[in-house]
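# Got a predicted structure plus its sequence, pasted below:
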Amino acid sequence: MAKNQRLLKVGPERVYEVLTDAGSYADWVVGAHKIRDADRSWPAVGSRLHHQVGVGPFKLNDHTEVVETKPAEKFVLHARARPFGTALVTMLLEPRGGNTSVTMTEVAGDKLSRIGINPLTDWLLHLRNVESLRRLARIAETGTVKS
């Protein structure tokens, strides 16, 4: 399990707004290249965001599905990058004055993915998610997409 935490200098409503904006997903999620489409019901439970993931010339199309959502408190996604694996990503938002403490937890999304997401690779996920939270903070706090 990879667990990261960061304090964002905006309220939980703003953080949740960015998290649930289909268009911003590829801007803050490291490894997401572009958004191909999103279900009209996004971000309702069961809705899907269709994306392209990968690095450099190695890209593939897949989707991420909303598992649970509680406005300005919690957003849980089942992210897929098959055949490489799936992950269950939980974003918890806790108000801290006018700020928000964001806790991002990522675990294997299925039994087969436990081979790739395990205690030996958790530190790589942790490093990737440090950058994802940095990007999320930049977008939520400044509205700036690219650094």
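Okay, I see it. Numbers count the residues shown, from 1 in each chain.
# can you list the weak-confidence ranges in the protein?
Across the chain, the ranges flagged by pLDDT under 70 are 83, 113, 115-118, 147.
# what about the longest helix in it?
Identified as the longest helix of the chain according to DSSP state H is helix 122-142.
# So for that one, what gets flagged as buried?
Buried residues in helix 122-142, counting neighbours by 16 or more other CB atoms under 10 Å, are found at L125, R128, N129, V130, S132, L133, R135, L136, A137, R138, I139, A140. For glycine as for every other residue, the C-beta is placed from the backbone atoms N, C-alpha and C.
# That helix packs against which elements?
With contacts taken as 3 or more CB pairs under 8 Å, 6 or more residues apart in numbering; DSSP states H and E, helix 122-142 sits against strand 2-8, helix 12-19, helix 25-28, strand 99-108.
# can you tell which of those is closest to P57?
Nearest to P57 among those is helix 25-28 (17.1 Å), distances taken as CB to CB.
# where's that closest one relative to the chain centroid, distance-wise?
8 Å (CA atoms, centre = their mean, to the nearest Å).
# M1 versus the residue sitting furthest away from the middle of the chain, what's the distance?
Each residue of the chain has a distance to the centre, and by CA atoms, centre = their mean the biggest one is for G97: 23.8 Å. According to CB to CB, to the nearest Å, G97 and M1 sit 28 Å apart.
# Over to F75?
According to CB to CB, F75 and M1 sit 17 Å apart.
# So if I had to pick from these two, which one is more boxed in?
With neighbours defined as other CB atoms under 10 Å, F75 and M1 compare such that F75 has more, 23 against 13.
# angle of the lengthiest strand in the chain against helix 12-19?
Longest strand in the chain, counting residues (DSSP state E): strand 58-70. Relative orientation of strand 58-70 versus helix 12-19 (axes from the mean of the first three to the mean of the last three CA atoms, to 10 degrees): 150 degrees.
# Which of the residues in strand 58-70 are classified as buried?
The neighbour-count check on strand 58-70 (16+ other CB under 10 Å) flags D62, H63, T64, E65, V66, T69 as buried.
# next one: stretch 14-25
In stretch 14-25, counting by 16+ other CB under 10 Å, buried: R14, V15, Y16, E17, V18, L19, T20, A22, S24, Y25.
# Repeat that for stretch 94-109.
Burial within stretch 94-109, assessed by neighbour count using 16+ other CB under 10 Å, is assigned to N99, T100, V102, M104, T105, E106, V107, A108, G109.
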